[in-house]
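Peer 1: Below: sequence and its predicted model.
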Amino acid sequence: MSDSVSLLSIEDLQKAVALLRQGEVIAYPTEAVYGLGCDPFNEAAVQKLFHVKQRPMEKGVILVAASVAQIDEYVQLAGMPWEHKVLQTWPGPVTWVLPLKQALPEWITGGRDTVAIRVSAHPLVQALCAAFGQPVVSTSANLSTQPPAKSCDEVKRVFADQVFCLEGALGALAQPTQIWDAQSGERLR
């Protein structure tokens, strides 16, 4: 177990997972900034996240996962021309927009036939998604147009008691993760 996961209180991880299962919004450290997350398959939870963040729902969300196995049923990856390129960056700090294998709710995709997904190498993100048993929404912990939070103290200043914050170290990235379109090969962010 990595140092940052061993420093994570098991009670805090269990509380975060319980809150996700209850449809609540949580904050957690990612590769560069704190993220807001919720159960992506719970529409009320995603609506709550957009309300807290003051962001329009039609944008869709990024999903973060502990492993490729957690997202395999949702996206076209295995045997596709972009498979090798994507897998070279995972687990890691790169988000890929991938075509869907099956329809996902509009509140996840923003009505598109693609979804943005990252298989994170961040140990706390991996622990959270593994304990939750599925991907989690990952959007920066900030009000729309404001700078993202880089600590639980900042999360609490912005969101007060609206979200539980899972304390932990950020990854080494200075900026939020890159986003690439797997089909076109274009960098989107």
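Peer 2: Yes, it's here.
Peer 1: In this protein, which residue is most central in space?
Peer 2: By CA atoms, centre = their mean, the mean C-alpha position of the chain lies nearest to Ser138, the distance being 2.4 Å.
Peer 1: Doesn't that residue lie inside a helix?
Peer 2: No - Ser138: not assigned to a helix; according to DSSP: H, G, I helix; E, B strand; the rest coil it is strand.
Peer 1: could you pull out the strands for this protein?
Peer 2: Along the chain, the stretches classed as strands by DSSP state E are 26-29, 34-37, 62-65, 94-99, 114-119, 136-140, 164-165, 178-181.
Peer 1: Which of those sits closest to His51?
Peer 2: Nearest of the strands of the chain to His51, taken as CB to CB: strand 34-37 at 11.2 Å. C-beta coordinates here come from the backbone N, C-alpha and C atoms, glycine included.
Peer 1: got a markdown table for the strands of the chain, with mean pLDDT and distance to Val52 too?
Peer 2: Output for the strands of the chain, formatted as a markdown table (pLDDT from 0 to 100; distance: least, CB to CB, whole Å):
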| stretch | mean pLDDT | distance to Val52 |
| --- | --- | --- |
| strand 26-29 | 97 | 10 |
| strand 34-37 | 96 | 7 |
| strand 62-65 | 98 | 16 |
| strand 94-99 | 98 | 21 |
| strand 114-119 | 97 | 20 |
| strand 136-140 | 95 | 10 |
| strand 164-165 | 96 | 12 |
| strand 178-181 | 95 | 22 |
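Peer 1: Of these, flag the one that's most buried.
Peer 2: Mean neighbour count (mean count of other CB atoms under 10 Å) peaks for strand 34-37 among those, with a mean of 29.
Peer 1: Tell me the strands beside that strand, with direction?
Peer 2: strand 26-29 (antiparallel), strand 136-140 (antiparallel) (DSSP bridges).
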